[in-house]
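Student: With the sequence up front, the predicted model follows.
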Amino acid sequence: MAIAHVCLGCGAALARIRAIRDPHYRLPIVICPSCGEACVRRVDPILQRWRAFQSLAAALCALLVQVLIVLSLAPATASVVAAVPDIISMQVTDNVFDLLYNQSIPAMVVGVTLPVLTGVWMTIGLGHWRPWLARAIWGLLIAGLLSWDMLWLAFETIGNRLGIVSGVGAEAHLQLAFYDWLLRVLVLFVFLMLTFAGSPLGAVLLKIHARRRTRRWSRRRARLRRRLRGG
């Protein structure tokens, strides 16, 4: 309901009359029941600024939440992906029962839960993106985080060859780091494939949120109808 709306023809109060959208100009039109004058309903400047402020605040809050999620998931994902080859190399000589039931159980739980949660976030927070595009950008970000040690060894190797930095065995360490990085990229690819397991859960959460939002607006419309009938 408008804050105040007066007919330009007879001065009757039109605030409680519902506006009809013009099919050609898409303007909210109110027909005065007293004189039949057609008036355009304009949004009050105070209300318009308040709605603009609410929209801006909601957008900033959504952006802040997305940044916090990225800052939380990206280091956790990089740490898990980097730890999987180390766990496999440490446990490969042990008994298979020790591999399954002792030290690797927490890592397996985290390694499965984290990509599912990432898939839920991609479905809910990045639903306007194509699924393959979201996974590709996320994979490049994690691969970049996993490449810092290899890049440092590459700079050290270049410095040794140029005589700027003195070091022993930098090239051998760089080769080992490159093989380790390839193994981590393979684990990252499996991680990205597991994120699709969280898409159905994210879709279900979106449907639940949409239903709750629809019910909330239905209750608001019902209360507005009751107020109009009572007035």
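Tutor: On my side now, so go ahead. Residues are numbered from 1 along each chain as shown.

Student: State the distance from the most centrally placed residue in the chain to Trp217.
Tutor: Centroid-nearest residue in the chain: Gly125, 2.5 Å away (criterion: CA atoms, centre = their mean). To Trp217, Gly125 is 23 Å away according to CB to CB, to the nearest Å. The way it works is simple: take the backbone N, C-alpha and C, and place the C-beta from them, glycine included.

Student: Mind giving me the packing neighbours of the host helix or strand of Gln175?
Tutor: For Gln175, the enclosing helix or strand under DSSP states H and E is helix 170-194. For helix 170-194, the contact count by 3 or more CB pairs under 8 Å, 6 or more residues apart in numbering; DSSP states H and E identifies helix 45-91, helix 104-125, helix 131-145, helix 148-162 as packing neighbours.

Student: As a markdown table, these with distance to Arg213 and mean pLDDT would be great.
Tutor: Converted to a markdown table, these look like this (distance: least, CB to CB, whole Å; pLDDT from 0 to 100):
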| stretch | distance to Arg213 | mean pLDDT |
| --- | --- | --- |
| helix 45-91 | 14 | 84 |
| helix 104-125 | 14 | 82 |
| helix 131-145 | 24 | 89 |
| helix 148-162 | 43 | 67 |
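
Student: Can you verify my assumption that the residue nearest to the centre of the chain contacts Leu68?
Tutor: No. Between Gly125 and Leu68 there is no contact under CB atoms under 8 Å: 11.0 Å.

Student: Near the closest residue to Cys32 other than its chain neighbours, how many residues? Count them for me, please.
Tutor: Leaving aside its sequence neighbours, Cys32 sits nearest to Cys7 (CB to CB, 6 or more residues apart in numbering; 4.2 Å). Residues lying near Cys7 (other CB atoms under 10 Å) number 20.
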